[in-house]
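Colleague: Could you work out the structure for the sequence below:
(4 chains)
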Number of protein chains: 4
Amino acid sequence: MNEIKSDLGWSTRERITVRGKDLPGEILGTLNLGDMAFFELTGRFPNEKESRMFNAMAVTLVEHGITPSALAARLTFLGAPEAMQAAVAAGLCGLGSVFVGSMEGVAKLLSSNKSAQEIISENKRIPGLGHPIHKPVDPRSVRLFEIARETGYYGKYCRTMEEIAKLKNLTLNATGAIGALACELGLDWRAVRGIGVMARAVGLVGHLLEESRQPMAEAVWQQTEEQATRHIKK
Amino acid sequence: MNEIKSDLGWSTRERITVRGKDLPGEILGTLNLGDMAFFELTGRFPNEKESRMFNAMAVTLVEHGITPSALAARLTFLGAPEAMQAAVAAGLCGLGSVFVGSMEGVAKLLSSNKSAQEIISENKRIPGLGHPIHKPVDPRSVRLFEIARETGYYGKYCRTMEEIAKLKNLTLNATGAIGALACELGLDWRAVRGIGVMARAVGLVGHLLEESRQPMAEAVWQQTEEQATRHIKK
Amino acid sequence: MNEIKSDLGWSTRERITVRGKDLPGEILGTLNLGDMAFFELTGRFPNEKESRMFNAMAVTLVEHGITPSALAARLTFLGAPEAMQAAVAAGLCGLGSVFVGSMEGVAKLLSSNKSAQEIISENKRIPGLGHPIHKPVDPRSVRLFEIARETGYYGKYCRTMEEIAKLKNLTLNATGAIGALACELGLDWRAVRGIGVMARAVGLVGHLLEESRQPMAEAVWQQTEEQATRHIKK
Amino acid sequence: MNEIKSDLGWSTRERITVRGKDLPGEILGTLNLGDMAFFELTGRFPNEKESRMFNAMAVTLVEHGITPSALAARLTFLGAPEAMQAAVAAGLCGLGSVFVGSMEGVAKLLSSNKSAQEIISENKRIPGLGHPIHKPVDPRSVRLFEIARETGYYGKYCRTMEEIAKLKNLTLNATGAIGALACELGLDWRAVRGIGVMARAVGLVGHLLEESRQPMAEAVWQQTEEQATRHIKK
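Modeller: Below you'll find the model as predicted:
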């Protein structure tokens, strides 16, 4: 069994250290929240280009409007307004295989360094492709790859993913673009779902603040309950 | 009952809009993750000073090493490594009255615009004060107020909180400083716990990535189980 | 600081013990699930009357149809069908002050052993009273008190609660009845919210099974998204 | 898209109905909590033998002492004692592929109605087998199959699972036995993980009640923090 050991953070009376850096002296006022996430995931500060690229990726995932995740958070808040953290938690619980998980799938697939052709022939279903609304292009992917070109992170993984999308005649969606860019930045594919999870946590707080001012959860509940039981209540 | 209505985000085939701004065109590449959080909470982009102040506040809360919350996330990940989002969720569930909640308490208290003397006389227990390790000063509060002075956000709420700490002869801890700064930035006190929740989501992803490479959860479990049942197993 | 110690369960190679009883030999085939819950909460097996009363209380709380909690679970399942446990967790997160928490409030209030008059004069809002649909009587309270009379658990707490309801001219709802009965059974008020949490976990599994066969979450999402953004999409 | 429809429960002013049965009149005082779970999963009341078998299965899964799941719940409770439901939720989040998920795997595998030989030759890793402590036999499996024989539910799925265990020379553990018994009872394999989730919710409430009286979470945290950072604090 492994020993109990962590290198993430520790404090003494005068010092608070995160991954070897002095939190007040070297981090606060220096890193923005996205940079801090990059630091958590890689153990080093991003340079300016990495910062720009990574922040854009994370920001893409913050707010998607009324999603199942946002609804779950709002409905939870209705019952426990005193525990906002639990409402955010409820909203995060659904970021699994269907929505945010696809990003992780893309990064894992591309990490194998195979060609578009190989990836297509070996996988019946390829994540990161297709979108119910945004077709033929997802404007977020376009913009993210534009920033990638500006910062020098448009590379082989992006090209492979674009080639796959073209060959399959499907939209390269934002999760596909972000999965590829995570590989370009050298991030561990096991961290990639996490980018979506942290970004969505930011967005869910926004939803709960809106819910506290302009609530919809009760109306959603009442309306759904009425629709769902109409056939038996009569 | 309220109508079902949200102003946070929506999409059409070609456009993705977040709070009235075009996500690809106006937000990506412009806002960092902390700025995006500020935008979610206030509905407007932060200026440079607000960005610097708010990002420093959020970054302060990301990583606190081996906390109960980080342990809960790691222990959850041990049982469901395929559902990292649920491990982050589990870690967030404990950000309640004891830890992160104090920030909200400070912001709510200061929002009343009462004096230090009034606040002390009306409240038996004041949140944001005292720290088990960092005494007499919490170096994060010192640094945050330094950044506040640089950016022009050191104002009456900070002063009130410092006065309270002095009169009570207790450390003004980081949650106390952040609660005061949230008021200086004009944030709704109902959003303040959320800053901690989103920041900690970032940190928890860092813990889960470390756990996937250098696991401790199983050792913590086995050791605790052995200690806890020693008196009955014999 | 307390030592690390638990008396709930432990195993050796041949034996599995729960609170001092042999799980295979003394518990399996002897206790039903409600009895096991009673055993967890009190450390002793219920007698026949306690079993009947406690099971009725728990069963009351299992299924309330399309609640915010059930919707949160279903919406979570839509995104992460591979993690049903996380969908149940999401559904439980909202069992806070607004819904299930009222039961705890009733039990805590009655634990003070004050009279109906005292309780009314000291509390502006008394939990366990009123119901949006079931008025003037909640048929669950009627039935639970009937079972209480049969089993000998209709006592002073039930009477106090009925008196309060009468004086306030409000329905004694099911959470009010269960809070009172928890006191009659001598349960710790701190365990009372837990009865609702465990019961609802049972019901949420039922909802997720129905969702996997006859899904509604996607339709709820799409309909709500459309309603919520109608005013801005035009 | 499916229509919004549920058959689980509904109420009118005088009536509360669960799956077609009158809750106060037909269910309360008649079903115990395990029977109610069976009713939720199958849509019908269990007969006496089904009740005995199903309750024994569920009861087996309630309390496993200090597990990662129980620790996650206790550590969450330390930070948010006002939100016990969130602590239970945190504890449930880890009931994934590693622990409770194996039961689902067994049920799914056996649902194919293949022989022990076929199952072994087609699957490299078979769930429900092996146990770190209980070898060569898991006393829970022995007892559950004993109850299965008494109630007439020891059938082909139990035999197949026992044959697999014998051929692989591994302990048939409790999750293996329960997975087989779920098939004997005709339960949908998709409901099987849920039996573990609901049962564990019962056990977690027990842990949180013990934690509120005899806390260990803070000691676990402090000890682990100290061990984890020893190599860097020096």
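Colleague: thought residue A:131 was touching residue A:140?
Modeller: No. Applying C-beta atoms under 8 Å, one finds residue A:131 not in contact with residue A:140, separated by 9.7 Å. C-beta coordinates here come from the backbone N, C-alpha and C atoms, glycine included.
Colleague: Now do the helix or strand harbouring residue A:90: which elements does it pack against?
Modeller: Using DSSP states H and E, residue A:90 maps to helix A:84-93. Applying 3 or more C-beta pairs under 8 Å, 6 or more residues apart in numbering or on different chains; DSSP states H and E, one finds that helix A:84-93 contacts helix A:68-79, helix A:192-213, helix B:84-92, helix B:192-213, helix C:68-79, helix C:84-93, helix D:84-92.
Colleague: Can you give me the buried ones in the fourth one?
Modeller: Burial within helix B:192-213, assessed by neighbour count using 16 or more other C-beta atoms under 10 Å in any protein chain shown, is assigned to B:192-211.
Colleague: Can you narrow these down to the ones near chain A?
Modeller: B:193-195, B:197-199, B:201-203, B:205-210 (C-beta under 8 Å from any C-beta of the partner chain).
Colleague: what residues does chain A put near chain C?
Modeller: Within reach of chain C by C-beta under 8 Å from any C-beta, chain A has these residues: A:65-69, A:71-73, A:75-83, A:86-87, A:89-91, A:93-101, A:216-218, A:220-221, A:224-225, A:228-229.
Colleague: Buried ones among the residues you listed?
Modeller: Among the residues of chain A next to chain C, the ones that count as buried by 16+ other C-beta under 10 Å are A:65-69, A:71-73, A:75-83, A:86-87, A:89-91, A:93-97, A:99-101, A:216-218, A:220-221, A:224-225, A:228-229.
Colleague: on that earlier part again, compare residue A:131 and residue A:140 (neighbour count), which wins?
Modeller: Shown here are residue A:131 and residue A:140; by other C-beta atoms under 10 Å in any protein chain shown, residue A:140 has more neighbours (27 against 20).
Colleague: Tell me who's in contact with that one.
Modeller: By C-beta atoms under 8 Å, 6 or more residues apart in numbering or on different chains, residue A:140 lies in contact with A:60, A:134, A:173, A:174, A:177, B:16, B:23, B:24, B:28.
Colleague: tell me the SS of it?
Modeller: helix (DSSP: H, G, I helix; E, B strand; the rest coil).
Colleague: State the phi and psi torsions of the closest residue to it other than its chain neighbours.
Modeller: Closest residue in space to residue A:140, ignoring its immediate chain neighbours: residue A:174 at 4.0 Å, by C-beta to C-beta, 6 or more residues apart in numbering or on different chains. Note on residue A:174: its backbone torsions stand at phi -60, psi -40 [degrees, to the nearest 10].
Colleague: And the strands in chain A?
Modeller: Along chain A, counting by DSSP state E, strands occupy A:9-11, A:16-18, A:21-22.
Colleague: Output the set of residues of chain A in proximity to chain D.
Modeller: Within chain A, the positions adjacent to chain D are A:3-7, A:10, A:12, A:17, A:80, A:82-83, A:85-86, A:89-90, A:93, A:224, A:227-229, A:231-233 by C-beta under 8 Å from any C-beta.
Colleague: Point out the other helices and strands that the helix or strand bottoming out on mean pLDDT in chain A packs with.
Modeller: Across the helices and strands of chain A, mean pLDDT, DSSP states H and E gives its lowest value to strand A:9-11, namely a mean of 90. Applying 3+ C-beta pairs under 8 Å, 6+ apart, one finds that strand A:9-11 contacts strand A:16-18, helix D:217-233.
Colleague: Give me the contact list for it.
Modeller: Outside strand A:9-11, the residues touching it (C-beta under 8 Å, 6+ apart) are A:16-19, A:23, B:63-66, B:133-134, D:229, D:232-233.
Colleague: make it 6 Å
Modeller: Strand A:9-11 has contacts (C-beta atoms under 6 Å, 6 or more residues apart in numbering or on different chains) with A:17, A:18, B:63, B:65, B:133, D:229, D:232, D:233.
Colleague: Now which of these would you call buried?
Modeller: For those, a burial check counting by 16+ other C-beta under 10 Å picks out A:17, A:18, B:63, B:65, D:229.
Colleague: Dump those to a markdown table, plus distance to residue C:163 and pLDDT.
Modeller: Output for those, formatted as a markdown table (distance: C-beta to C-beta, whole Å; pLDDT from 0 to 100):
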| residue | distance to residue C:163 | pLDDT |
| --- | --- | --- |
| A:17 | 61 | 95 |
| A:18 | 58 | 96 |
| B:63 | 54 | 96 |
| B:65 | 53 | 95 |
| D:229 | 57 | 93 |
